[in-house]
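**Q** Provide a 3D model corresponding to the input given below.
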Amino acid sequence: MTLRWKVVLYLIFLHVAVAAMAVYFLRHDRIWLLAVELFLIASAAAGIRIFQSIFGPLQLIRTGIQFIADSDFTTRFRDVGQPEVDELTRVYNRMIDHLREERVRVQEQHHFLSKIIEASPSGIIIFDFDGNISAVNPSAGRMLQTAAADLVGKKLAGLGNPFATSLSTMEKGESRVVPLGGIRRVKCQKSRFLDRGFPRDFLHLE
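**A** Residues are numbered from 1 along each chain as shown. Below you'll find the predicted structure:
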């Protein structure tokens, strides 16, 4: 049973007991009936107030968690006049602002890096966590004799040309010179970088 239902059941039990007392006084001692009714009204109002003050922050946290899960970093909460809720609101808004600024910064850096890789005269091949090609620039596509867009999602070993097959056998940190038809030679270096805490490989072809 959740905390919300525990509080609701407690308030219901309390006010049912007070209502039973009111019925008793109605039959036996009407002098106290008005006092019991006033107490019942005041208690109900206080109970609603306490309920809102307790579960207002919990509802705010639940809504904030949902926004974060949906990657919605644009929605901010407004103050409602309750000190506890308002303090939580300000903390949440600061966190959301920081996350939004960080996401924008990462997107800008990613866009800038993508432009550099695309314009680079050197070939660059980036692999995903399963060893499939996840990104390749036009220079690498020309060396592999395949359009860059057609290489995404494939493995080097499955491309069927000697140059790609030779690249597929390279180990992390290895550097070698690989023939590329005729007298052309390509200096190849396989390295690794971290993406969200996990290692990913890439090839630099020059």
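
**Q** Could I get the full set of helices for this structure?
**A** Listed in chain order, the helices of the chain (DSSP state H) span residues 3-28, 33-69, 83-119, 138-143, 148-151, 162-168.

**Q** and R200, what does it touch?
**A** Listed by Cβ atoms under 8 Å, 6 or more residues apart in numbering, the contact set of R200 reads 126-129, 134, 192-194. Every residue, glycine included, has its C-beta placed from N, CA and C.

**Q** if we go to 7 Å?
**A** 126-129, 192-193 (Cβ atoms under 7 Å, 6 or more residues apart in numbering).

**Q** how about stretch 69-80 as CSV, C-alpha atoms only?
**A** C-alpha atoms of stretch 69-80 as CSV (Å, rounded to 0.1, in the frame of the first residue of the first chain):
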residue,chain,number,x,y,z
ALA,A,69,12.7,10.2,-19.0
ASP,A,70,11.1,11.8,-22.1
SER,A,71,14.2,14.0,-22.6
ASP,A,72,12.0,17.0,-22.2
PHE,A,73,14.5,19.7,-20.9
THR,A,74,12.4,22.7,-21.9
THR,A,75,9.5,22.4,-19.3
ARG,A,76,10.1,24.4,-16.1
PHE,A,77,7.9,24.5,-13.0
ARG,A,78,6.5,27.7,-11.4
ASP,A,79,6.4,28.5,-7.7
VAL,A,80,3.1,27.6,-5.9
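
**Q** picking up where we left off before, among the contacts of R200, which are in strands?
**A** The strands, defined by DSSP state E, take in 126-127, 192-193 from the contacts of R200.

**Q** Closest one of those to E102?
**A** Set against E102, the nearest of the ones in strands among the contacts of R200 by Cβ to Cβ is F193 (19.3 Å).

**Q** can you count the residues close to the closest one?
**A** Summarising burial for F193: neighbours were counted as other Cβ atoms under 10 Å, giving 9.

**Q** what do you get for R142?
**A** Applying other Cβ under 10 Å, we find 13 residues neighbouring R142.

**Q** re earlier: possible to save the ones in strands among the contacts of R200 as CSV with pLDDT?
**A** Listed next are the ones in strands among the contacts of R200 as CSV, based on pLDDT from 0 to 100:
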residue, pLDDT
I126, 91
F127, 89
R192, 88
F193, 85
